[in-house]
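Trainee: With the sequence up front, the predicted model follows.
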Amino acid sequence: MLFLPQSQPSHLSSTTLAPPKHALPASYVSCTSHLRVSCSRREDDYHATLKALNSRGRTPRKSLGQHYMLDSSINEQLVGVAEVRQGDVVLEIGPGTGSLTNVLLTAGATVIGIEKDSHMATLVRDRFHGNERLLILQEDFTKCHIRAHVNSVLDASKSVAKGSFTAKVVSNLPFNISTDVVKQLLPMGDIFSDVVLLLQDEAASRFVDASLRTPEYRPINVFVNFYSVPEYKFKVLRNKFFPQPNVDGAVVKFKLKQSMDYPPVASPKSFFSMVNSAFSGKRKMLRKSLQHICAAHEIERALQNIGLPITARPTELTLDDFVRLHNLIARV
């Protein structure tokens with residue numbers, strides 16, 4: 001049963017994404033029915049997104065956080081922020097109908113797409129049928145062996161280009177997996193140079209802003225800054241998506257650090273265990289929340305050594321403070 005409406009759904013205002021009043025040209029109908037990469041930008045607008053979904057009998061699935069981009073210029077900005085060039089290897093998470101994939105391929109990238117929804121994976125394969133620079137894997141990104149997949153493509157690319165380089169990540173990310181994806185990707189500076197993600201605006205701000213003494217300051221801020229240099233790039237209004245979410249989006253660029261540039265800790269695992277313990281009771285003083293590591297008086301002495309009061313709480317410590325505290329009290 002077709003779900004392509006005769007007019008726009010009520011949640012999309014006529015002043016922003018109104019459908020054209022004239023009949024669709026034959027070239028447009030052909031483009032959306034065959035879904036080929038040679039089509040114009042218009043193939044990725046509101047009507048084409050619905051047509052593509054309808055071709056597989058699909059509606060966006062809330063459980064998968066599916067919100068499809070309706071504005072090709074946003075995809076072009078994403079690719080621009082990542083500085084994608086001819087020959088780059090790019091990982092895309094959740095390609096959906098392939099609108100961002102289209103821009104990445106046009107930029108000359110080799111694209112690895114990880115798509116959990118089997119119907120959408122088939123749709124993107126069909127759309128770019130015959131393009132040897134696209135690999136679509138029907139897997140759950142949070143569970144797949146992404147390092148093996150990317151290294152395999154990088155090795156093949158190096159044998160052709162005779163160069164040594166890393167891959168990039170460029171994705172319009174399902175909002176409901178953003179934290180899991182960030183945690184999985186940022187420690188991969190050995191294979192990724194940059195991670196550019198379109199996220200929920202609130203999450204984007206939380207990842208980038210590491211302001212002390214605020215309720216928003218959490219272990220994820222320490223994690224993000226340990227492994228990367230994050231930068232908030234621009235906001236994306238909610239009316240650019242279908243279906244329209246209740247929040248705006250935003251693009252963040254994470255410049256990944258190499259292992260030699262990580263803060264000097266003997267064990268990252270031990271370090272983040274300490275950080276998570278510290279934040280388990282935000283209002284607790286560290287001399288209490290970290291007593292499972294060493295005695296309170298040792299914690300107090302360590303805090304004094306790094307120039308902090310013995311009553312310090314986790315929201316008062318920068319990344320460097322946590323690193324110095326860990327190196328004084330941890331037994332690894």
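Mentor: Yep, that arrived.

Trainee: give me the element residue 235 is part of.
Mentor: Residue 235 is part of strand 228-236 when elements are defined by DSSP states H and E.

Trainee: just checking, next helix/strand downstream of the helix or strand harbouring residue 126?
Mentor: In the assignment (DSSP H and E), residue 126 maps to helix 118-127. Downstream of helix 118-127, the first helix or strand assigned by DSSP H and E is strand 134-137.

Trainee: Render the CA-only coordinates of that next one in PDB, please.
Mentor: These are the backbone C-alpha positions of strand 134-137, laid out as PDB (Å, rounded to 0.1, in the frame of the first residue of the first chain):
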ATOM      1  CA  LEU A 134      30.700   1.500  -2.400                       C
ATOM      2  CA  LEU A 135      30.500  -1.300   0.100                       C
ATOM      3  CA  ILE A 136      27.200  -1.700   2.000                       C
ATOM      4  CA  LEU A 137      27.200  -4.000   5.000                       C
END
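
Trainee: Now the residue nearest in space to the middle of the chain. Nearest residue, chain neighbours left out?
Mentor: With distances taken as CA atoms, centre = their mean, residue 197 lies nearest the centre of the chain, 3.7 Å away. Leaving aside its sequence neighbours, residue 197 sits nearest to residue 173 (CB to CB, 6 or more residues apart in numbering; 5.0 Å). Where you see a C-beta, it was placed from the backbone N, CA and C, and this is true even at glycine.

Trainee: For the strand holding residue 235, could you pull out the residues that count as buried?
Mentor: In terms of neighbour count (16 or more other CB atoms under 10 Å), strand 228-236 has its buried residues at 228, 230, 232, 233, 236.

Trainee: which residues does the first one contact?
Mentor: Contacts for residue 228 were tallied using CB atoms under 8 Å, 6 or more residues apart in numbering; they are 186, 189, 195, 254, 255, 256, 257.

Trainee: Leaving out the residues flanking it, which one is nearest to residue 211?
Mentor: residue 217 (6.2 Å).

Trainee: Give me the neighbour count for that neighbour.
Mentor: Applying other CB atoms under 10 Å, we find 21 other residues in the vicinity of residue 217.

Trainee: what's the neighbour count on the residue nearest to residue 197?
Mentor: 23.

Trainee: Identify the residue nearest residue 265 in space, chain neighbours excluded?
Mentor: Nearest one to residue 265, counting by CB to CB, 6+ apart, is residue 271 at 4.3 Å.

Trainee: Could you identify the helix or strand that succeeds the helix or strand harbouring the one you found?
Mentor: Assessed by DSSP H and E, residue 271 sits inside helix 268-279. With elements assigned by DSSP H and E, the helix or strand that comes after helix 268-279 is helix 286-289.

Trainee: still on that earlier bit, next, the residue nearest to residue 197: phi, psi?
Mentor: phi -80, psi 140 (degrees, to the nearest 10).

Trainee: How about the contacts made by it?
Mentor: Residue 173 touches 93, 94, 181, 197, 198, 199, counting by CB under 8 Å, 6+ apart.

Trainee: Tell me which of those residues fall in strands.
Mentor: 93, 197, 198, 199 (DSSP state E).

Trainee: where does the chain dip in pLDDT?
Mentor: 1-66, 159-165, 332 (pLDDT under 70).

Trainee: top helix in it by residue count?
Mentor: Using DSSP state H, we find that the single longest helix of the chain is helix 146-161.

Trainee: Buried residues in that helix, which are they?
Mentor: 146, 149, 150, 153, 154, 157.

Trainee: Same check on stretch 184-203?
Mentor: 184-189, 191-201, 203.

Trainee: Kindly report the same for stretch 278-285.
Mentor: Per 16+ other CB under 10 Å, stretch 278-285 contains these buried residues: 278, 279, 285.

Trainee: tell me which of those residues is nearest to residue 85?
Mentor: Nearest to residue 85 among the buried residues of stretch 278-285 is residue 279, at 39.6 Å by CB to CB.
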